[in-house]
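S.K.: Pasted the sequence and its predicted model underneath.
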Amino acid sequence: KVSCSLCMGKGTFSKEIKEFTINLPKGVSAGYQIVLHKEGEPSKHKGGMAGDLIVNVVVAEHPYFKRDNLNLNLEVPLSYGQLINGGDISVPFFGKQTLMVKIPPSHENNTSKLKLAGMGFTLPNGVVGDYVISIRCDIPRKINDEYKNLINQLFEHEKKHPSERIMNWNKKVFS
């Protein structure tokens, strides 16, 4: 008439706590499941087999890196000067490593991606993703008078000498 407070009337109870060491394969992603056979709940039937323990892998989001299948993605802000002049930048990599990446001169903004082939996640079968760096122009929110004067000079120059792409776009759109 009264259920046992330990097993809640199921007829089984164990105070035993088991610890398992689980080796995750390379390249594992969220949703991956590992099944430990016969390590789950005991059977409800006398002499029956224990169930399986199913471990669901949950991968925490990283504040800067994003994962797309086997690709590792990173968005990097660059100044307008860096986009125009190019040069070497340092980017973080797995662990505490850093990589030097060459930004070519006159680099595109918000559409450019640099692909470091074979530097993404690796599956146990050897298939490897890429490290993809998306370039974004950092437009400062606060600028001093000197910076504003330089930008105004550039703006006046660009009005007098628009780029070929801007001239072509204007011809297509306004003709």
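M.R.: Received, thanks. Residues are numbered from 1 along each chain as shown.
S.K.: what's the single longest helix in this protein?
M.R.: If you go by DSSP state H, the chain has its longest helix at helix 145-160.
S.K.: Confidence-wise, which helix or strand of the protein is lowest on average?
M.R.: Least confident element among the helices and strands of the chain, by mean pLDDT, DSSP states H and E: helix 80-85 (a mean of 87).
S.K.: Count the residues that sit near residue 101.
M.R.: A count of nearby residues for residue 101, using other CB atoms under 10 Å, gives 16. Glycine gets a C-beta too; all of them are placed from N, C-alpha and C.
S.K.: Equivalent analysis for residue 131, please.
M.R.: Per other CB under 10 Å, the neighbour tally for residue 131 reads 22.
S.K.: Got the phi and psi for it?
M.R.: When read as degrees, to the nearest 10, the backbone of residue 131 gives phi -100, psi 110.
S.K.: distance of it from residue 149?
M.R.: Distance from residue 131 to residue 149, counting by CB to CB, to the nearest Å: 39 Å.
S.K.: same question, residue 50
M.R.: As for residue 50, its distance to residue 149 is 76 Å (criterion: CB to CB).
S.K.: how about the nearest residue to the residue sitting nearest the centre point of the chain, chain neighbours excluded?
M.R.: Residue closest to the mean C-alpha point of the chain, counted by CA atoms, centre = their mean, is residue 66 at 1.1 Å. Nearest residue to residue 66, sequence neighbours excluded (CB to CB, 6 or more residues apart in numbering): residue 73, at 4.4 Å.
S.K.: Helix or strand for the one you found, just tell me which one.
M.R.: For residue 73, the element it lies in under DSSP states H and E is strand 71-78.
S.K.: If anything else comes up later, I'll come back, but that's it for now.
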